[in-house]
Structure formats: C-alpha cells, structure tokens
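Asks: pasted the sequence and its predicted model underneath.
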Number of protein chains: 2
Amino acid sequence: MSGKPALRRGATDASAPVSGDRPVDDRSVAARLFAIIDAFTTPIAASLTLTAIAERARLPLSTTHRLVAEWVNWGGLTRQDDGRYALGLRLWEIGVQTPTAHNLRTIALPYLEDLFEVSREHVHLAILDGHDALYLEKLSGHSPVRIISRVGGRLPLHSTGVGLVLLAYAPMDVIQAYLGTALQRFLPQTVSSPDELRRRLAEVRVQGVARMSDEMTVGSSSIAAPIRDSTGLVVAAVSTVTRSGTPVDPAQELAVRVAAQGISRALGYRRPTS
Amino acid sequence: MSGKPALRRGATDASAPVSGDRPVDDRSVAARLFAIIDAFTTPIAASLTLTAIAERARLPLSTTHRLVAEWVNWGGLTRQDDGRYALGLRLWEIGVQTPTAHNLRTIALPYLEDLFEVSREHVHLAILDGHDALYLEKLSGHSPVRIISRVGGRLPLHSTGVGLVLLAYAPMDVIQAYLGTALQRFLPQTVSSPDELRRRLAEVRVQGVARMSDEMTVGSSSIAAPIRDSTGLVVAAVSTVTRSGTPVDPAQELAVRVAAQGISRALGYRRPTS
C-alpha cells in the first residue's frame, strides 16, 4: 500500500554505525514513533530511561524527548515517579481489543478453565504468527512446573507442543520455509534436523496430538492439540505442560483433545461424518 | 513535558464543523497517527473501511491512506481480505506487556482461578483509571448470567461492585470529584444521589466488602473486595457476579474476601497485627 519501506519489528539499520557520524535518518515520523515503542520490546524492558529509549530507538535525545511526550499525552507511555518510562495502560486497553486475540480468547477461555481444573497444570492457547508460536493465554496454578512461556510471548515452533501442532497444520510453503531455517537446539532432546522434524510433523498429523518432553525447558513435558475453525482450518493450538519424568497420564491427553474439540465446536467446526 | 496540547482519548475538536470548510488541523503527525487508532475505540469497531477511519479521525482520505499504511507496516493495523482494517496483533503483543496490567494479572490469576472454581460465576479483576473501573481480567463459565463487562472495558464506579470498592478507597480528592459528577441512573436501583453514594462508600470501608444488586444489569448481583499492595494502598478490586434473586450464599462473600487477601498477600501486603 505504501511506497515506503516497511519498518521491520524491532529492526535497526545494521549499516548504521553505533556512534560517530550518523547517516541521514530517512525514517518517517511514524517509523520513529514506532521505534520508541519497539525500544520496550527488543529485548523486553519494564521501564527505560529517556537515554536508553534514545539508544535503543537510534534517535537523538531531543527527538526522543519530543516523541516520548507525544506517547505520554496519548497514554501509550507513562512516566513513573522515578523518571523512567513504561508502556501505558492505553496500549493494553487497545491491545486486548484486537479481534484475533479478543475473539479467540473469549471463546476459548471457558474450555481452558475446564482443562485447567482437571489438569492443575499450565494451560496454553497459542496461534501461528510468522515463524513463532504466539501465546494468547496461559493459565497457571500456584506452584506449577517452571516454564518460560508468557501471554504475549513468542516461542519457536519446533521446540514447543503448541508450536509443533501449529507447524504440522500450516500451509506447505510455511513448513518448507521453516524447515529451511536453522533449527536451534535448546536442549539435547530438541529436534534440530529438518528430516526428523518432518517425520514428527507427519506423526502429529496422523495422531492429531503433539507430545514434547524436555525440548524447550528441562523437566517439562507438553501435550498439544489443534483447534479448527468452521472451515476446518487449524487456527490455534491448546496444550498442557506437566513435569517430565512422571508417567504420562492417558487422561491428560484425552482432556487436551476434548478441550481442543470443544473450542473448535464453539468456533463452528463440525467433524466430517464420514 | 510537552508544550503541545494533550490530545484527549477519543476527543474530537468540538468547535470544528462536521463538514464544509475545515479549520486548519494543527494536530501533530503523532496526534493524527493516534487518532487513526482511536477511531477503532470510540465507539468500539472490530473493523473499519478507510473512509470510516477518515471520518472518525477527522482526517482527509489521502492522509488517512498514508498513515494507515504506516500502521499496517508496523503491525498495529491489519488489512482484512474484505479490504477493511482491524487492530493488529502487534498492538495486542505490546499491550499485554504493559507493567500494570501484566504484573497484577500474573500475580492475581491463580487466585482468580481458585475463586472461579468455588463460585462457578463471573470473576472480575479491575483497577481504578480516571473515573472508571477498568477490567483487567474476567473469567466466565460456559453459561453464566449475562453481563456487559469485558477485559479492557470500562464501567462506572457507582454502579458496579468493583467500582464501589475502588471509589471507597480512592484518595479523597478523587471521591469528591466523582461525587460532583452526574451519577447516571442505569436502573431503578442504581445509586444516583451523592449523599446516598457517600453513605454506601462509608459502608464499604467499614465492612471491607461491597454488595450490589440490579444496579448495572438487571438480574445480576456482585460482591467485591479490595486488593492492597505492600504499602496498604488499595490498588485493585476483585468480585464475583451472580444471578440476583437467589439467596446470597454467605460462603460466596467469604470466598471473595479470601481471594482478595490472597492477592494482597502475594503483592506483599501484611495485615496490621494490632
């Protein structure tokens, strides 16, 4: 739509020197405004000083000062008592309204709660976004097994239960592109060969469920199942994450499958009768 | 911080004519960008055409076209297959990171889940923002009583359980300012006189709990209790919403109080020993 080059999420101009003579910054005002917000996400920072924002956004301090004030006026940033800045509630308020996240979460939540009640373990809802599993919801008890997922967080497709499900049912070009990337080996158990990953994806499609163990976090295992919309497309995945090593309770897998089917049904999916 | 006038949320220039000669638009580029997003929230729209965005944001179509493209590039807006625009996942992803919403929700969620399990009714978590109760979380079963609250939504302080609690423990200047506003009477039972509201707020402070019945939605009652941080300040409220008319189960009130205390304790609050 626009003739302007797209500003990639969190991207900085790799050709620009970190200090010294700055090249001409040809970013639009909008791109600079977005760079201010991206400063809080790459990597995640709960709060930043004006100087830190300027450095991360690669903007002069004066420009940063002016643009931060615009965000504060709108409510997208908030100035804390200690003078540091943090993402503002206005962004949260707008963010939770985004149709994909809001609609799917609202429909899925009662089923996720049911699953949480019977399993007493972490329950995840995730969608495919680019080459990541994006976590829309996470329910956790008081002292569950420690894992790194978080609402709004992203994790790789080949090393998480929900990711494996999302990739297994992704369009073939997405699968091919993903198999062509370097598959990071987080732990000895992580699948990191394209051929092995291809076999596991086929297994997921045959069984309708993904089982992972010690592939992202030591000591945690997950069972994930696909959620389909009214046209039969897989639009999300649901999982539970339990402690590894304890014998897998067959009821756990059944519970995940039932939750996935319940959400699919609520989205209008009807199983083919033949 | 900025010498520029603040753009109020969703505000439009009341002095500007709706059509005909437009006055000079002295909004900054940032303010115009924010007006594009505000178009989706006042009132809430899941998707809008380019023309509708232009009208709501009071911007020429050409400017709207250019600024929408900037939002799309960043991921803040997404163009649907039907050509309409919707809020994009990037906004959700950033929004759920805002410290206030993220931290409080993460700490409170296990307690909200406990409360939901014992009550099987709507469970709310809300904070005070301006003159509204802003809903951070809502857990609902499959067929609960119908109510209008939603995550990210706002409701008045004098007609909701969480609102009454938040107002009761608000700083005196906030209470005075709120009592000075017109108290909308949604239903016959809604408190709409400042004197009566003042009495009820005192009652809430004495009892440590607010009980509402048929004051916002016909047929729904709520019980709400305050959540305190480590310094003893009330920072949020938790409630359950049940069907009116059925005799109030005293265990319900106890469950809400226990959940509120659990969250307060997790936030570092310790009850005074004397």
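Replies: Noted; the coordinates are in hand.
Asks: can you give me the strands for chain A?
Replies: With DSSP state E as the definition, chain A shows strands at residue ranges A:77-79, A:85-87, A:122-129, A:132-139, A:154-156, A:210-213, A:220-228, A:234-243.
Asks: look up the pLDDT of residue A:20 for me, please.
Replies: You'll see residue A:20 listed with a pLDDT of 47.
Asks: who's in contact with the closest residue to residue A:56 other than its chain neighbours?
Replies: Using C-beta to C-beta, 6 or more residues apart in numbering or on different chains and skipping the chain neighbours, the partner closest in space to residue A:56 is residue A:39 (3.7 Å). Where C-beta positions appear, they are placed from N, C-alpha and C, glycine not excepted. Taking C-beta atoms under 8 Å, 6 or more residues apart in numbering or on different chains as the criterion, residue A:39 is in contact with A:45, A:48, A:52, A:53, A:56, A:57.
Asks: for residue A:110, same thing?
Replies: Neighbour list for residue A:110: B:140, B:141, B:142 [criterion: C-beta under 8 Å, 6+ apart].
Asks: so how do I select the buried members of those in PyMOL?
Replies: One line in PyMOL is enough to select the buried members of the contacts of residue A:110, burial here meaning 16 or more other C-beta atoms under 10 Å in any protein chain shown:
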select buried, chain B and resi 140+141
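Asks: now distance to residue A:154 too, for the contacts of residue A:110, in TSV please.
Replies: Output for the contacts of residue A:110, formatted as TSV (distance: C-beta to C-beta, whole Å):
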residue	distance to residue A:154
B:140	27
B:141	30
B:142	30
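Asks: coming back round to it: of all the strands of chain A, which lies closest to residue A:31?
Replies: Ranking those by proximity to residue A:31 (C-beta to C-beta) places strand A:77-79 first, at 16.9 Å.
Asks: residues in contact with that closest one?
Replies: With contacts defined as C-beta under 8 Å, 6+ apart, strand A:77-79 is touched by A:36, A:37, A:68, A:71, A:72, A:85, A:86, A:87, A:88, A:89, B:1.
Asks: to residue A:97, which of the strands of chain A lies closest?
Replies: Evaluated with C-beta to C-beta, the strands of chain A place strand A:132-139 nearest to residue A:97, the distance being 13.7 Å.
Asks: ok, and what's touching the closest one?
Replies: Around strand A:132-139, the neighbours that count as contacts under C-beta under 8 Å, 6+ apart are A:101, A:104-105, A:108-109, A:112-113, A:116, A:122-128, A:149-157, A:160, A:162-163, A:166, A:236-237, B:89, B:93, B:109, B:113.
Asks: so what strands line up beside it?
Replies: When sheet partners are counted by DSSP bridges, strand A:132-139 sits next to strand A:122-129 (antiparallel), strand A:154-156 (antiparallel).
Asks: okay, the angle between the first one and strand A:220-228?
Replies: Just to be clear, that refers to strand A:122-129. Counting by axes from the mean of the first three to the mean of the last three C-alpha atoms, to 10 degrees, strand A:122-129 points 50 degrees away from the direction of strand A:220-228.
Asks: quick one on the thing from earlier: buried subset of the contacts of strand A:77-79?
Replies: Buried members of the contacts of strand A:77-79, scored by 16+ other C-beta under 10 Å, are A:36, A:37, A:68, A:71, A:72, A:85, A:86, A:87, A:88, A:89.
Asks: quick one on the thing from earlier: include pLDDT and distance to residue B:218 when you put the contacts of residue A:110 into TSV, please.
Replies: Putting the contacts of residue A:110 into TSV (pLDDT from 0 to 100; distance: C-beta to C-beta, whole Å) gives the following:
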residue	pLDDT	distance to residue B:218
B:140	84	18
B:141	74	20
B:142	72	21
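Asks: ok, and of the contacts of residue A:110, which contact chain A?
Replies: With the criterion set as C-beta under 8 Å from any C-beta of the partner chain, the members of the contacts of residue A:110 near chain A are B:140, B:141, B:142.
Asks: now for the second one: which residues touch it?
Replies: The neighbourhood of residue B:141, defined by C-beta under 8 Å, 6+ apart, consists of A:110, A:113, B:116, B:120, B:121, B:122.
Asks: can I get those in TSV with distance to residue B:244 and pLDDT?
Replies: Rendered in TSV, the data for the contacts of residue B:141 read as follows (distance: C-beta to C-beta, whole Å; pLDDT from 0 to 100):
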residue	distance to residue B:244	pLDDT
A:110	22	89
A:113	24	89
B:116	19	89
B:120	16	79
B:121	12	83
B:122	13	90
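Asks: number of nearby residues for residue A:190?
Replies: One way to gauge burial is a neighbour count; for residue A:190, by other C-beta atoms under 10 Å in any protein chain shown, it gives 17.
Asks: and what of residue A:177?
Replies: Neighbour tally, residue A:177, other C-beta under 10 Å: 12.
Asks: and if you look at residue A:57?
Replies: 25.
Asks: can you read off the pLDDT for it?
Replies: Model confidence at residue A:57, expressed as pLDDT, equals 96.
Asks: for the one 3 residues further on, same thing?
Replies: Looking at residue A:60, its pLDDT stands at 96.
Asks: how close does it get to chain B?
Replies: With the distance defined as C-beta to the nearest C-beta, to the nearest Å, residue A:60 ends up 16 Å from chain B.
Asks: do residue A:85 as well
Replies: The spacing between residue A:85 and chain B, counted by C-beta to the nearest C-beta, is 10 Å.
Asks: report the beta-bridge partners for that residue.
Replies: Following DSSP bridges, residue A:85 is listed with bridge partners residue A:48, residue A:79.
Asks: list the contacts for it?
Replies: Shown here is residue A:85, whose contacts under the criterion C-beta under 8 Å, 6+ apart are A:47, A:48, A:49, A:50, A:53, A:68, A:72, A:77, A:78, A:79.
Asks: the fourth one - how many residues pack around it?
Replies: Other residues within reach of residue A:50, judged by other C-beta under 10 Å, total 16.
Asks: who's in contact with the nearest residue to residue A:200 once chain neighbours are set aside?
Replies: Sequence neighbours aside, residue A:191 is the residue nearest to residue A:200 in space, at 6.0 Å (criterion: C-beta to C-beta, 6+ apart). Residues counted as contacts of residue A:191 (C-beta under 8 Å, 6+ apart) are A:158, A:159, A:183, A:197, A:200, A:215.
Asks: residue A:218 too?
Replies: By C-beta under 8 Å, 6+ apart, residue A:218 lies in contact with A:187, A:244.
Asks: for it, what are phi and psi?
Replies: phi -60, psi 130 (degrees, to the nearest 10).
Asks: my read: residue A:111 touches residue A:265, true?
Replies: No - under the criterion of C-beta atoms under 8 Å, residue A:111 is not in contact with residue A:265, lying 9.3 Å apart.
Asks: these two: which has the busier surroundings?
Replies: For the pair residue A:111 and residue A:265, the greater number of neighbours falls to residue A:111 (23 against 15), based on other C-beta under 10 Å.
Asks: for whichever residue of the stretch 151-274 of chain A sits closest to chain B, the count of nearby residues, please.
Replies: Closest approach between the stretch 151-274 of chain A and chain B, counting by C-beta to the nearest C-beta: residue A:152, at 3.6 Å. By the other C-beta under 10 Å criterion, the neighbourhood of residue A:152 contains 22 residues.
Asks: show me what contacts residue A:50?
Replies: Residue A:50 makes contact with A:61, A:64, A:65, A:68, A:85, according to C-beta under 8 Å, 6+ apart.
Asks: quick one: neighbours of the closest residue to the second one other than its chain neighbours, just the number.
Replies: Closest residue to residue A:64 apart from its sequence neighbours, by C-beta to C-beta, 6+ apart: residue A:54 at 3.9 Å. Residues lying near residue A:54 (other C-beta under 10 Å) number 21.
Asks: what of the one 4 residues further on?
Replies: Neighbours of residue A:58 under the rule other C-beta under 10 Å: 17.
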